[in-house]
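In: Here you go, sequence then predicted model.
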Amino acid sequence: MIRVLFVCLGNICRSPMAEAVMRDLVEKNHLRDKIEVDSAATSSWHIGEPPHRGTQDKLREYGISTTGMEGRQLQKTDFESFTYIIGMDESNIHNIRTILSDPHSPKIFHFLDLTQYRKDVPDPYYTDDFQETYDLVQEGCQALLEKIKQEQL
């Protein structure tokens, strides 16, 4: 089983949006039996909380569910459990590498490095632009799915 973990600061905006979009793509590509998707936070601020209302509203516009999703914090055991650990911005990448004690692992990478943008995914918690975040997440998830197909399937 290929396991993908998206990580952001609070696990209520960007990483759950990426989790939901990727799950939707996995389902539409009939890969549910091959790819599992989750998300986590580098902080402990929103453990147990559902995705941010703005994230839920934006995903609902596109018919993508967040049912059952709740915030959790990144754990050291995630390093062994996941095939890909993807940070939404440079600060997340730094924190992931610190928490997981593996500063050079190729399984940890910046989400938009797979796209033409090669920048951070802006945090809509602060920008309030859930559409921009959705657009970048959609493109990044499409690119990640192609990467997985080439490398793993």
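Out: Yep, that arrived.

In: This protein: helices as residue ranges?
Out: Remark: helices assigned in the chain by DSSP state H are 14-28, 53-61, 77-81, 90-100, 124-127, 130-152.

In: between these, which gets nearest to residue 6?
Out: Residue 6 lies closest, by C-beta to C-beta, to one member of the helices of the chain: helix 14-28, at 4.0 Å. Every C-beta, even on glycine, is put in place using the N, C-alpha and C of the backbone.

In: how far is that closest one from where the chain is centred?
Out: Offset of helix 14-28 from its chain centre (C-alpha atoms, centre = their mean, to the nearest Å): 8 Å.

In: possible to save the helices of the chain as TSV with distance to residue 34 and mean neighbour count?
Out: Putting those into TSV (distance: least, C-beta to C-beta, whole Å; neighbours: other C-beta atoms under 10 Å) gives the following:
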stretch	distance to residue 34	mean neighbour count
helix 14-28	8	24
helix 53-61	23	17
helix 77-81	16	13
helix 90-100	24	18
helix 124-127	30	15
helix 130-152	8	18
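
In: got the contact list for residue 48?
Out: 70, 71, 72 (C-beta atoms under 8 Å, 6 or more residues apart in numbering).

In: With residue 145 instead?
Out: Under the contact definition (C-beta under 8 Å, 6+ apart), the residues listed for residue 145 are 22, 25, 26, 29.

In: if you set the cut-off to 7 Å instead, what comes out?
Out: Neighbouring residues of residue 145 by C-beta atoms under 7 Å, 6 or more residues apart in numbering: 25, 29.

In: can you check residue 32 too?
Out: With C-beta under 7 Å, 6+ apart, residue 32 has these contacts: residue 26.

In: Quick check: the gap between it and residue 22.
Out: Using C-beta to C-beta, to the nearest Å, residue 32 is found at 11 Å from residue 22.
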